[in-house]
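Student: Predicted structure and sequence below. I'll ask about it afterward.
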Amino acid sequence: MSQRQLTFHIFRYKPETPKQDPSMQTYVLPEEPGMTLFIALNQIREEQDPSLQFDFVCRAGICGSCGMLINGKPTLACRTLTKSLPAEITLMPLPLYQLLGDLSVDTGSWFRDVSLRTEAWIHTEKRFDPAAEEERMSNDTALNIYEAERCIECGCCIGGCATANIKPDFIGAAGVNRVARFMLDPRDERDEQEYFDVVGSEDGIFGCIGLMACDDNCPIGIPLQGQLAYVRRKMAVAGWKR
Ligand code: FES
């Protein structure tokens, strides 16, 4: 099979040089066997344009730093093989997050803000005793918590969510998944009314209109609609009891 020439159309804009308008820049690259977008972007930066800005850390779908819109779909660039794409590839930064430059966005500030707003830590009256034995929990509970903990905070679920794109304060599936993680944890002593104060609003669980893009776009397959349904059920009951 003859080697393909890949044509990349890449969003360019540096907020620190606002005089330069946002634009799309085109690069052409011969495709290599096993080429991922991580390899392609590094090759473009090394051989054609050292000013191109994008993020990668782990190259293995673990750190969550390489989320971007690849032909319109939010996903991880390091795990995307060029052979799974047409020869024309458009790369845009994830929407909604603060743009740092070109394809690089600041997801960290967004996730930190949502963590604070959802109070994403164990709430307990117990004093910490370093000599105490570990508390036991059932395997099923541990596995359910682990499922929610698998989130790598890449931001793809939020970038692809229509509600989050029009409501900047919506905590989205990633935020709800984090709430679910603590609701599931028997060490967290919050009752449902206390959770309702945190997430029982239009910017929380009742903002989701069920378009399911989060579930479609999560690159590591967390069942986000299941987590949303779990939290929504609990919060609907809590709201009804008020
Ligand atoms: S570089 Fe870490 S997830 Fe892609």
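Tutor: The structure has been received and is ready for your questions.
Student: measure the spatially most central residue of the chain to the ligand for me?
Tutor: By C-alpha atoms, centre = their mean, the mean C-alpha position of the chain lies nearest to residue 155, the distance being 1.9 Å. Distance check for residue 155 against the ligand: by C-beta to the nearest ligand atom, to the nearest Å, it reads 11 Å. Heads up, the C-betas are built off the backbone N, CA and C, glycines and all.
Student: Also residue 137?
Tutor: Counting by C-beta to the nearest ligand atom, the gap from residue 137 to the ligand is 29 Å.
Student: With residue 171 instead?
Tutor: 22 Å.
Student: from what I can see that residue touches residue 200, true?
Tutor: No. Judged on C-beta atoms under 8 Å, residue 171 makes no contact with residue 200 at a distance of 11.6 Å.
Student: number of nearby residues for the residue lying closest to the residue nearest to the centre of the chain once chain neighbours are set aside?
Tutor: Among residues not flanking residue 155 along the chain, residue 107 sits closest, at 4.1 Å (C-beta to C-beta, 6 or more residues apart in numbering). Neighbour count of residue 107, defined by other C-beta atoms under 10 Å: 23.
Student: can you pull the buried residues of the lowest-mean-pLDDT helix or strand in the chain?
Tutor: Lowest by mean pLDDT, DSSP states H and E among the helices and strands of the chain is helix 224-240, with a mean of 90. Judged by neighbour count using 16 or more other C-beta atoms under 10 Å, the buried positions of helix 224-240 are 224, 225, 227, 228, 229, 230, 231, 232, 234, 235, 238.
Student: Can you list the buried residues in the helix or strand containing residue 216?
Tutor: Per DSSP states H and E, residue 216 falls inside helix 213-217. Within helix 213-217, the residues scored as buried using 16+ other C-beta under 10 Å are 213, 214, 215, 217.
Student: Just to check, the residue nearest to residue 155 is in contact with residue 94?
Tutor: Yes. With contacts counted by C-beta under 8 Å, residue 107 reaches residue 94, the gap being 7.4 Å.
Student: shared neighbours, these two?
Tutor: Shared contacts of residue 107 and residue 94, defined by C-beta atoms under 8 Å, 6 or more residues apart in numbering, comprise 67, 155.
Student: quick one: average pLDDT of the host helix or strand of residue 6?
Tutor: Assigning secondary structure by DSSP H and E places residue 6 in strand 5-12. Across strand 5-12, the average pLDDT comes to 98.
Student: ok, and what's touching that strand?
Tutor: Outside strand 5-12, the residues that touch it by C-beta under 8 Å, 6+ apart are 22-31, 40, 44, 52, 82, 87-93, 102-103.
Student: From the opening residue of stretch 99-114 to its closing one, how far?
Tutor: One end of stretch 99-114 to the other measures 18 Å (C-alpha to C-alpha, to the nearest Å).
Student: what comes up buried for it?
Tutor: Under the neighbour-count criterion of 16+ other C-beta under 10 Å, stretch 99-114 has 99, 100, 101, 102, 103, 104, 105, 107, 110, 111, 114 buried.
Student: domain assignment for the protein?
Tutor: Here the domain assignment for the chain is 5-105, 118-240, based on automatic domain parsing.
Student: how far is the longest one from where the chain is centred?
Tutor: Shown here is domain 118-240, whose average C-alpha point lies 14 Å from the average C-alpha point of the whole chain (C-alpha atoms, centre = their mean, to the nearest Å).
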